[in-house]
Structure formats: structure tokens, C-alpha cells
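Visitor: Give me a model of this one.
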Amino acid sequence: MRTSKLVVAVACAAALSACTAGGGEEGTPTPAPQTGTSSGNDASKKLPERPASLKLDSVDACKLLTAEQMPQIETSSSRPQSLELVDGAETPSCHYENAGRYTYTIGGVTHKGVDYWLHGGNFTAKVIKVADYGALQVELSGGSGFDCTVTVDVADGQQLMVSYIPMTTGEKDQTVLCGKAAKAAGLALATLKTLK
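Guide: Modelled structure (predicted):
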């Protein structure tokens, strides 16, 4: 079930880490040609064409943010974790943290692409762009508005997922939370391009 897995992923990420940090060029989300939310089966929404395929097979999620990039999202440590981010398989992921204030969880999902989120569930999926790649901003419906996930269309049947979760209730502006997730996604995407 899509809904339960997203809830589990968000709950796991919240319990184990938190995500953060201010804006940046690579990950600044921009509206894609068709933008909207999906609360049901909405196959009419299309992602922008992918400029190149960036396979995630065998990519170490804890190497997707370099030592130079981590300060840009104000993280100071990272640790690997295997999570079921999307139904069907565990995904090698990495938590990038800032002393318990927030965490970013980055995972390279290799068994289902971003179109997984366009077929409905207890969440909204808004089409955006991260750098030059199509992406989705995914938020739980009726949630507390304390997190945001951005997932980037990097290859057929694969997605680069980045969640930002503050560990305190001080951050509540969903636009800011999603902007931080998108910034980290842009940085990870830039690194992924150098790994291939």
C-alpha cells in the first residue's frame, strides 16, 4: 500500500533523523510545465523529459552529499540506514543530520520510478523541477505539515528520494520545508552526475 509505506518511511525518518538547510541553486524547485496535486489516479500529469539517465544501482547514498556540500544544508554527520521508502524493497539510504535539530534522508530507489506517486494514495504529489530534472514534491494528506519529500526522476524505474524532517515543531512553513528538501535533492543530483 502506497499510503502505509509513505507513512512508515516518514515515521522512520522522523524517528531516526532530520533534514535541513537554506536555499541553493541546484535544488531550487521551479514549476514544471504541468503542476498539480494527485489525490487519486491522475495519469494526465506528466513529468518533464529527463535530460539524461542517471542509474542509482550500486550508488552509496552516503556519498551523494560531498564534504563541501554538507555545510550548504548545515549537516555535520551522516550514517547509512536501510529503509522501505517505496513498497516492495528496502532501499539503501543515508541520514544527514545536524545535532538532532533536523535530518535529511536520501535514498536511491531502484525498483520503482517516480510515476509510482502519480497513481493516488493518502498524499499529494506536485510536479516540480530540480535542476534540469522532473521531480515530485510529495506530502502526506492531512498530516501535521512537519516534513517534505522530493523525489527526482533519474532513470526508468528509479527515483532519487530526499526527505527533510525537522526534529522540533519550530519549522512549520511547508514551502520552507519543501525548499530545503529540494535544495538537498539538487545537491545530491549534482553529485550523482559526477558518479556516472
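
Visitor: what's residue 157 in contact with, if anything?
Guide: Applying Cβ atoms under 8 Å, 6 or more residues apart in numbering, we find residue 157 in contact with 110-113. Where C-beta positions appear, they are placed from N, C-alpha and C, glycine not excepted.

Visitor: Next one: it, what pLDDT does it get?
Guide: For residue 157, the pLDDT comes out at 96.

Visitor: Ok, residue 196 next?
Guide: 62.

Visitor: Can you classify the residue nearest in space to the middle of the chain by secondary structure?
Guide: Against the mean C-alpha coordinate of the chain, by Cα atoms, centre = their mean, the closest residue is residue 162 at 2.3 Å. Under DSSP: H, G, I helix; E, B strand; the rest coil, residue 162 falls in the strand class.

Visitor: Compute the first-to-last residue distance for stretch 63-75.
Guide: 14 Å (Cα to Cα, to the nearest Å).

Visitor: for the longest helix seen in the chain, which positions count as buried?
Guide: In the chain, assigned by DSSP state H, the helix with the most residues is helix 174-195. Of all the residues in helix 174-195, those buried under the rule 16 or more other Cβ atoms under 10 Å are 176-192.

Visitor: so residue 150 is in which element?
Guide: Using DSSP states H and E, residue 150 sits within strand 148-155.

Visitor: contacting residues around that strand?
Guide: The set of residues external to strand 148-155 that reach it, using Cβ under 8 Å, 6+ apart, is 6, 9-10, 27, 29, 47, 50, 53-56, 109, 113-114, 117, 128, 130, 133-139, 159-164, 174, 177-178, 180-182, 184-185, 189, 192.

Visitor: Strands along this protein, start to end?
Guide: Using DSSP state E, the strands found in the chain span residues 30-31, 77-86, 89-97, 102-109, 123-130, 133-140, 148-155, 158-166.

Visitor: picking up where we left off before, return the list of helices and strands in contact with the longest helix of the chain.
Guide: Applying 3 or more Cβ pairs under 8 Å, 6 or more residues apart in numbering; DSSP states H and E, one finds that helix 174-195 contacts strand 102-109, strand 123-130, strand 133-140, strand 148-155, strand 158-166.
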